[in-house]
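>>> Sequence and predicted structure are below.
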Amino acid sequence: MFLYLLFVTFATALAVSFFVMRLFTKPVDNVLHRIIADEISAAWSKCMKFAILVVGVSAGVQLRDLEKYINPALGGREVQTASLSFDRWIFELYRAAIETLQGIAWMLLVFFAFALIAYVIVRIGETRKEQTSSEA
């Protein structure tokens, strides 16, 4: 039963990550194309898509939390394992989806914060370039 739960939480996290990746493909592509404005922006875009999938799955599948469903021995005494009822399955799937979204949200927040800083630097460079070309 534990392996089914592990597989289902993995599939849930992967599906949510893939959906978010598809949802943010165009904004990430536009930001990278604007900042980099070179062919390498496509490679960075693919890297970001991969990162969204990896971060989403790793955040969504909480292995430490799933360990309670197998029989661990802590300090020589047996710990009673949690039961996998229908309510517990729904809770674990919900938690996998929420944790996936939370991990991706943090990653995208960091990405867009650095992208904003890079955009400001690019704009300052463009403004200086325009000023020097208009003065000449």
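Sure thing, it's come through. Remember, it's a predicted structure, so these values are computed and weren't measured experimentally.
>>> which residues in this structure form helices?
In the chain, the helices defined using DSSP state H lie at 2-23, 25-36, 40-60, 63-66, 86-135.
>>> need these in TSV with mean pLDDT and mean neighbour count, can you?
(Each C-beta comes from the backbone N, C-alpha and C, glycine too.) Output for those, formatted as TSV (pLDDT from 0 to 100; neighbours: other Cβ atoms under 10 Å):
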stretch	mean pLDDT	mean neighbour count
helix 2-23	93	16
helix 25-36	92	16
helix 40-60	94	17
helix 63-66	77	11
helix 86-135	92	13
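>>> How much space separates the spatially closest residue to Tyr69 that is not a sequence neighbour from Tyr94?
Nearest residue to Tyr69 in three dimensions, chain neighbours excluded: Phe2, at 4.7 Å (Cβ to Cβ, 6 or more residues apart in numbering). Counting by Cβ to Cβ, to the nearest Å, the gap between Phe2 and Tyr94 amounts to 18 Å.
>>> same check, this time on Phe86
As for Phe86, its distance to Tyr94 is 13 Å (criterion: Cβ to Cβ).
>>> same check, this time on Leu101
11 Å.
>>> center of this protein - which residue?
Centroid-nearest residue in the chain: Ile104, 2.8 Å away (criterion: Cα atoms, centre = their mean).
>>> wait, doesn't that one sit right on Phe19?
No. In this structure, Ile104 is not within contact of Phe19 by Cβ atoms under 8 Å, at 10.0 Å.
>>> shared neighbours of those two, anything?
Both Ile104 and Phe19 lack any common contact, where contact means Cβ atoms under 8 Å, 6 or more residues apart in numbering.
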